[in-house]
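In: Okay, predicted coordinates and the sequence, questions at the end:
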Amino acid sequence: MSRLYTLAATASDVADHFGAGGFTDIAVPSETIEALPGLVVHATNGRRHLRQMLWGFPRLTREMRLRGDPPGRIGLVADLTNPMWEGLVVEPRYRCLIPLTHFANPNGSPGEKTRSWFSAEGQPIMAWAGFAKNTPELGPVYAGMTMDANELVHPTNDRMPVLLMPHEYERWLHGSIKDVIGFQFRPPPPAENFVAEHTDDLWRSGKLPPSARPQQALLKQSAVSAHALPSRPDADRLTSMCNLYTERKSAAEVAAHFGVDLPVPAFNSAEDVYPGYSGMVVREEQGKRVLRSMTWGFPRHSKSKKTGLPNKPSPTNNARDDQLFNPYGMWSQWFAQSAHRCLIPFTAFAEAVGEKGAMTKTWISVTDQPLAAWAGLWRPTDEWGDAYTGVMVDATEELLDIHDRMPVILRPEDHETWLHAPADEAFGLVRKYPGDRLVAEYSNDPWNNRGRTSPPLPDMPTLL
């Protein structure tokens, strides 16, 4: 059974479909694989709630413990009598619905496997029968139950997800163990009710199914037309994520705003902060908040393709939200530790807009927070001392003409949670900031001009 699926819908769409409350502005991962986060609907006190959890229960064998290995992940439930599951399946409180629009299986020869996607005809959002639990090792996790595959899926795998119709949701969430067994061992759903999309996309390509791309494009198009930005003919050229922001406040002003002592000796960072520059960061030390100067960007190492020798380290200054739990990435170790989360003070961030070679700076500021906090991570480094990075999320609909990503902007009342809460609770803050509280200011200032480029103080109109 595949360990890859996608949800080509917004969190609001999912909440509406399942009649669920919760964070409807959280980011929906472009695809979900085991060990990464996905959306889950569960029921408590008679209400359905939408949450984000990690896909895969922790599994740690005796041999793994002896080697000091981290837990593995089990995201599929095939044998209900397995000791790992038998205590869960009888308790309705551990059941959940896993929203998805497509699931994938690898197809082809080893080393050349491609993605084959499957979706249900007439069901824009499907529900996979799942189990969820809060674990001491990883926090909230979930897994999906599988069954025998139908004729359409079987050439790529002999198992497929147990998919539920809307009228079956309630019975899955609250029914008896006989209902659970009945769902898993019923005949496979008819093949004619499904659509297969066999692609040439390599298994690890990260590419979505063709039928998902028009749907996402349509969502973006409707969002832009509903909240129109000033028209720019070159706005379809997007560069990399946020690589410039400004701090139009002194260290004393920042310290006063965030309620921290002014550092000794005092310092001020550059007004315009680029990757590799020093910027101001608020973090926790020995139970109190402090203001520190750090280098923007975790060092990333590479080798020259020509000589094979190490290149000079480059700063990686943006952390994608869908990589915060990736155990093989560079962020999960630091995101999991609340002591390594931080606040990045800023007054505006910039994106490059325009044709390659002629890009200009467009500045975005926050109307209800003249001095705002960007959710960040920090760590000590051998190369540059303490370094920090900013967490990025899919852009709010109103910003799509400028860029498809934006910083995670925290509300003042969420600072404490970001700095202290467990990772799964802190991840609930990784969401879009309301577009009606943002101001965009286009400029003719060339993107590559690193002179004095900070935007003038805005008059605070709501442009978006």
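Out: Everything's here; your move.
In: So D16, which state does it fall into?
Out: helix (DSSP: H, G, I helix; E, B strand; the rest coil).
In: how much space between it and V41?
Out: Distance, D16 to V41, using CB to CB, to the nearest Å: 12 Å. For every residue, glycine as well, the C-beta is placed using N, CA and C.
In: the more surrounded of these two?
Out: Between D16 and V41, counted using other CB atoms under 10 Å, V41 has the larger neighbour count: 24 against 13.
In: any idea which element that one lies in?
Out: Using DSSP states H and E, V41 maps to strand 37-44.
In: So for that strand, mean pLDDT?
Out: For strand 37-44, the mean per-residue pLDDT is 90.
In: got it, and stretch 312-325?
Out: 89.
In: Equivalent analysis for stretch 387-406, please.
Out: pLDDT averaged over stretch 387-406 gives 88.
In: Could I get the CA-only coordinates of that stretch as CSV?
Out: Extracted C-alpha coordinates of stretch 387-406, given in CSV (Å, rounded to 0.1, in the frame of the first residue of the first chain):
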residue,chain,number,x,y,z
ALA,A,387,22.2,31.7,13.5
TYR,A,388,18.4,31.9,12.9
THR,A,389,15.9,31.2,10.1
GLY,A,390,12.3,32.2,9.5
VAL,A,391,9.3,29.8,9.1
MET,A,392,7.4,30.2,5.8
VAL,A,393,3.8,29.2,4.9
ASP,A,394,1.6,29.4,1.8
ALA,A,395,0.8,33.0,1.1
THR,A,396,-2.6,34.4,2.0
GLU,A,397,-4.9,34.6,-1.1
GLU,A,398,-4.4,38.4,-1.4
LEU,A,399,-0.6,38.0,-1.8
LEU,A,400,-0.6,35.5,-4.6
ASP,A,401,0.1,38.1,-7.3
ILE,A,402,3.3,38.9,-5.4
HIS,A,403,4.5,35.5,-4.1
ASP,A,404,3.0,32.1,-3.2
ARG,A,405,4.8,32.0,0.2
MET,A,406,5.0,34.4,3.2
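In: sorry, back to before: outside of the strand holding V41 itself, which residues are in contact with it?
Out: 5, 7, 11, 14, 18, 20, 26, 28-29, 32, 48-55, 92-93, 95-99, 127, 130, 132, 140, 142, 173-174, 322, 324-325, 427 (CB atoms under 8 Å, 6 or more residues apart in numbering).
In: Please enumerate the strands of the stretch 251-400 of the chain.
Out: Using DSSP state E, counting those that start in this stretch, the strands found in the stretch 251-400 of the chain span residues 272-273, 278-285, 288-296, 298-300, 314-316, 318-320, 341-346, 348-353, 360-366, 372-381, 385-394.
In: Columns mean neighbour count on top of the ones you listed, output as a markdown table?
Out: Listed next are the strands of the stretch 251-400 of the chain as a markdown table, based on neighbours: other CB atoms under 10 Å:
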| stretch | mean neighbour count |
| --- | --- |
| strand 272-273 | 20 |
| strand 278-285 | 20 |
| strand 288-296 | 19 |
| strand 298-300 | 18 |
| strand 314-316 | 17 |
| strand 318-320 | 20 |
| strand 341-346 | 26 |
| strand 348-353 | 24 |
| strand 360-366 | 23 |
| strand 372-381 | 21 |
| strand 385-394 | 22 |
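In: Report the next helix or strand after the helix or strand of the chain with the lowest mean pLDDT in sequence order.
Out: The weakest-scoring helix or strand in the chain, judged by mean pLDDT, DSSP states H and E, is helix 212-226 (a mean of 40). Counting by DSSP H and E, the next helix or strand C-terminal to helix 212-226 is strand 245-246.
In: And that following strand, what does it pack against?
Out: Here strand 245-246 touches strand 272-273, strand 341-346, strand 348-353, going by 3 or more CB pairs under 8 Å, 6 or more residues apart in numbering; DSSP states H and E.
In: What lies in contact with the second one?
Out: Strand 341-346 is touched from outside by 245-247, 249, 254, 257-258, 273, 279-283, 334-335, 371-378, 388, 390, 407, 410, 415, 418-419, 426, with contacts defined as CB under 8 Å, 6+ apart.
In: any idea how far it is from the chain center?
Out: Relative to its chain's centre, strand 341-346 lies at 18 Å (CA atoms, centre = their mean, to the nearest Å).
In: got CSV for the helices and strands packed on strand 245-246, with mean pLDDT and distance to S302 too?
Out: What follows is these, written out as CSV (pLDDT from 0 to 100; distance: least, CB to CB, whole Å):
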stretch, mean pLDDT, distance to S302
strand 272-273, 90, 23
strand 341-346, 97, 25
strand 348-353, 90, 23
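In: Point out where this protein drops to low pLDDT.
Out: 1, 22-25, 213-241, 264, 266, 268, 327-328, 451-464 (pLDDT under 70).
In: OK, contacts around T396?
Out: Contacts of T396 by CB under 8 Å, 6+ apart are 406, 432-435, 438, 464.
In: Pull out the buried positions in stretch 402-413.
Out: 402-403, 405-410 (16 or more other CB atoms under 10 Å).
In: Then stretch 147-158?
Out: For stretch 147-158, using 16+ other CB under 10 Å, the buried residues are 147, 149-150, 152-153, 156-157.
In: So which of these is the closest to R115?
Out: Nearest to R115 out of the buried residues of stretch 147-158 is T156 (CB to CB; 9.9 Å).
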